[in-house]
Each structure stands twice: as structure tokens, then as C-alpha cells.
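[1] this one's sequence-less:
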């Protein structure tokens, strides 16, 4: 069957390009494997330094070609400080109408058209179509935060991917674990793909892919498992509205030694068709060959993907530092501190719950209403009291084993790691952040409201010393609520708290600027 596989030129955003030497030399170096690795972190030979630099420039250019609004949104989302704006029903209805019009024009000869003929109600389900609109918000060409045209193309690609992985008979059927091969299910249970039981500082779900522990026999097998995992999350609280954070971890014993550019290209095309908003993508590695693989991934992803991607190169501890600075709770990765095995407690429980639900659906039995919420209070994890239930319990968690180890007691090495991590901070919604990109951050907006309320009091203070004392007292009152004034170090990209003197000057300057605007 022939079907459309490419999109019109107007659909594609401007994309930064890799130099030709980067594409050819990196592939040759990957295939030849000329470089030996002797330490925990592989050094970059001189001839490969340009490859890393080209990838860094590509990511920077992906950000620069976005509009100012989209760039600010991407920065906030990546740093885990984004807030979700309420949806306007009228806008959503208007965009759905546009979405349908685009699908009518592009569906001829596609597997979407096949699925529509098989079961129109399944394909035209309103909630199902809204998923694709939400997955394509904040796009430069979109109206009111949505891009109906891009969403239509993604839905077309979604059915192409579904047909490739599961065949025609499953096009209009919700995929269950029984639709996976026995080898797929066995590899899935081994935990290289996991939904973490914690959320980031913005309350978003976190998915982790441990590259070096993948036991899937083919890229299609891994994609089938990912397809099931992603589509099983569609009713989880906040996932459609806030998006998903993904981590691909390939450091030390968890290095990915099997993937190649061709298979990863197919992987990228498949995953990009899933109807989810990718809020942030983190890639942790200590091997230059991972840069070659990432280059392949980024060239098949839309530009917005690359703008939300961050590559963390270094040791295990350095990558943990980096992830924490972006709002990923420490200790959240299912990695054992004493060996190279994965921690599977929560994943096993999640898998059992999904199995129970699938069986209930297949028998048309009533399914226990679950709130589908994974709590994000990491303090409960570290104390071993994390509640992994989704609502009413279907499968009881082992009472004697917490989902994650208590890292402060596992070993002296892990204790030192925890001490090091405790020195780092990451922003919260109530914090005030320095930088033009964070003007719409919740803490910054709240600060402007407070200053507007006290602007007249500042004006009435007589003399310079009186104004200094007034702003100092105002700062103490603001900090007493838990608010911090944070700035991001340009070299380490870590968040640090500014001194009271700098914060007080910020308050005074903001009030003076408001006074000038009133004149």
C-alpha cells in the first residue's frame, strides 16, 4: 500500500545543519571504533573535539531560531520551572476544526485513512485528537499555543508507526501487554524502560531509558514496548497538560554499546509520532560515540525537541549534579549504588498494575477507578515510606523493600555522593530568578505584585538610608515565606542563591523602574 511519508515544506521549521564533515567523520569513527576507552570518562581525541563542538552549536542554534516567546517557554520547561496555562475551550474547539481540515487534505492513501474506515468513532474520538493538539503546543506557527497542522501530520505518522509495529488489525485497538511478543514482555520487565515514581519540580512525569541495560532484540521490539508505555500514560494526571521529561542514561556500567545511527534514526522517527509534549530531554553519557548517536536523533526530531534537549557529559556524580540542577530529584534514578544492576521494585509493581488493568478491559469487567497520580514528594522516598499506589490498591507493594535504596546508608561512597548533591539547589515556583528568560516565572510575577503594593511606602521613606532600611526589611519579609533569589552560574550552569545585598538592590531597582514607567 502506498501512503504519504513526507510533509510539505511549509510544515518544516528552519533547522540548523551539521557540517558535512561532522556527519561523515563521526559515522566513520563510530563504525571503525578506533578509540580505546580506559577510564570512567572517555577523553575526546583532537580529531573528535570538533564533533562535540558541532553538536553543541546545533543545540544552541535550535534555541536561537525560535521566537522569543517559544525560547522563553523552552528555557522554563527545561529548567523545571514552567507553569501550565489553563486551556480555553473556545480556542480548543477552533483548533480542532483546523486540525480536522488538515487531516482531510493529507489523509488520502495513508494508514490513518485505513483506520478511519475500520472504526470512525475510534479515530475521531475528541479526547484522542486533543492529545495531538496538546503535544504540539508552543510551536512557532501555531495559533493560541497550538499548531493544528503539525498535530495533523503527527496523527498521520502515529498510525503509520502503529501499523509498522503491530499490523493492520491493531490500528483501531488500544494496545495491551498481550499485543507484545513474549520476548518483548520479557525484555520490558527487565527495567531498561521505567516510569519513575517521582516527578520533577514542575510536577511532570519522568521516564528513564537506561541504554546499557536494554535487552530488546531489535529496535522494533523496543519501540513496541515504548508505544505501550506511552499510550498507557494518557490518563495519568497532568501528563497531557504538563508534558513529559525523559532521561537517557548511558554512563559507566550503563553505557550503550549496541545502538547504531541507523537503528536510532528509526527509533527517533517512531517516538516523535507519540502524542506527548516533550518538556525536556536529558542525555547523560561519558562516551564520545553517544554524540554520534545523538546527532542522528536530533536530525529526525523537530527543532523544538532539540531546543529542549540537554547533553550531560561526565561521570556518574557529575551527571547527577546536572540532572538535579534541572529539577530532577536526587536518588530518583533506579540505579543500584553497590552494583551495576537496576532497581526494579517500582517498575515491577507498575507492570503488575498494568497487567491487571489490561485483563479487566479484555473481559469487559469494571475497572477500579484510579486517580493515576504518582506523588512527587521525594522526602518520602528517602525515608522508605513512598506510597506507590495509584489510588485503590490492586497489587500490594512489598512491605519490606522501599522502591529506592536509602542512599545515605548504603555505603560510604553513596553517603559522600548524597553530601555533594545536597550542596546543589534547583528553582521552585516561589523563587525569584534572575534573567530575562524568567520574567513570567511565578516567583518573579509574585515579586512584582508585592513591589506594586509597597511602592508608595518606598517613595515616602525619607533619605537614602531610610530607603535602604525599608528594602532590607521588605527582603526579610519576602525570604521569610521561603522565597529565594537565584541566579544561574554561566560556567557550571548551576543555580546559586545571591547575597542579601544583591537581592536588596534588585528590589530597589525594580521599584525605581516601576516609578519611571508611571511618569
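    Looks like it arrived, so ask away. Only a predicted model underlies this, so the values are computations on that prediction, with no experimental measurement involved.

[2] Please settle this for me: is residue 117 part of a helix?
    Yes. Counting by DSSP: H, G, I helix; E, B strand; the rest coil, residue 117 is part of a helix.

[3] can you count the residues close to it?
    Neighbour count of residue 117, defined by other Cβ atoms under 10 Å: 11. Heads up, the C-betas are built off the backbone N, CA and C, glycines and all.

[4] Roughly how far does it sit from residue 179?
    From residue 117 across to residue 179, the span is 21 Å (Cβ to Cβ, to the nearest Å).

[5] before we move on, what about residue 499?
    In terms of Cβ to Cβ, residue 499 sits 58 Å off from residue 179.

[6] Look at the two and report which has more neighbours.
    residue 179 (19 against 9).

[7] So which residue is dead centre in this protein?
    In the chain, the centroid-proximal residue (Cα atoms, centre = their mean) is residue 245; its distance is 1.9 Å.

[8] show me the contacts for that residue.
    By Cβ atoms under 8 Å, 6 or more residues apart in numbering, the residues touching residue 245 are 80, 200, 204-207, 279-282, 328.

[9] Low-confidence bits of the stretch 251-400 of the chain, can you list those?
    Filtered on pLDDT under 70, the stretch 251-400 of the chain yields the residue ranges 261, 296, 299-303, 337-338, 365-400.

[10] any chance you could map the helices in it?
    261-271, 289-300, 303-307, 316-325, 345-362, 378-382 (DSSP state H, counting those that start in this stretch).

[11] Against which helices or strands is the second one packed?
    In this case it means helix 289-300. Helix 289-300 is packed against helix 20-32, helix 46-64, helix 261-271, strand 278-285, strand 309-313, with contacts defined by 3 or more Cβ pairs under 8 Å, 6 or more residues apart in numbering; DSSP states H and E.

[12] Repeat the analysis, applying 10 Å as the threshold.
    helix 20-32, helix 46-64, strand 244-250, helix 261-271, strand 278-285, helix 303-307, strand 309-313 (3 or more Cβ pairs under 10 Å, 6 or more residues apart in numbering; DSSP states H and E).

[13] angle of it against strand 278-285?
    160 degrees (axes from the mean of the first three to the mean of the last three Cα atoms, to 10 degrees).

[14] Same question for the longest one.
    Between the axes of helix 345-362 and strand 278-285, defined by the same axes, to 10 degrees, the angle is 140 degrees.

[15] what's the answer for the fourth one, then?
    Taking the same axes, to 10 degrees, one finds that helix 316-325 is oriented at 170 degrees with respect to strand 278-285.

[16] how about helix 316-325: buried residues?
    Residues 316, 319-325 are the ones in helix 316-325 that count as buried (16 or more other Cβ atoms under 10 Å).

[17] for the first one, same thing?
    Judged by neighbour count (16+ other Cβ under 10 Å), helix 261-271 contains these buried residues: 261, 263-271.

[18] With distance to residue 306 as extra columns, can I get the residues you listed in TSV?
    Shown next, in TSV, are the buried residues of helix 261-271 (distance: Cβ to Cβ, whole Å):
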residue	distance to residue 306
261	16
263	20
264	15
265	15
266	18
267	16
268	11
269	15
270	17
271	14
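
[19] which one of those residues sits closest to residue 481?
    Nearest to residue 481, judged by Cβ to Cβ, of the buried residues of helix 261-271 is residue 271 at 41.2 Å.
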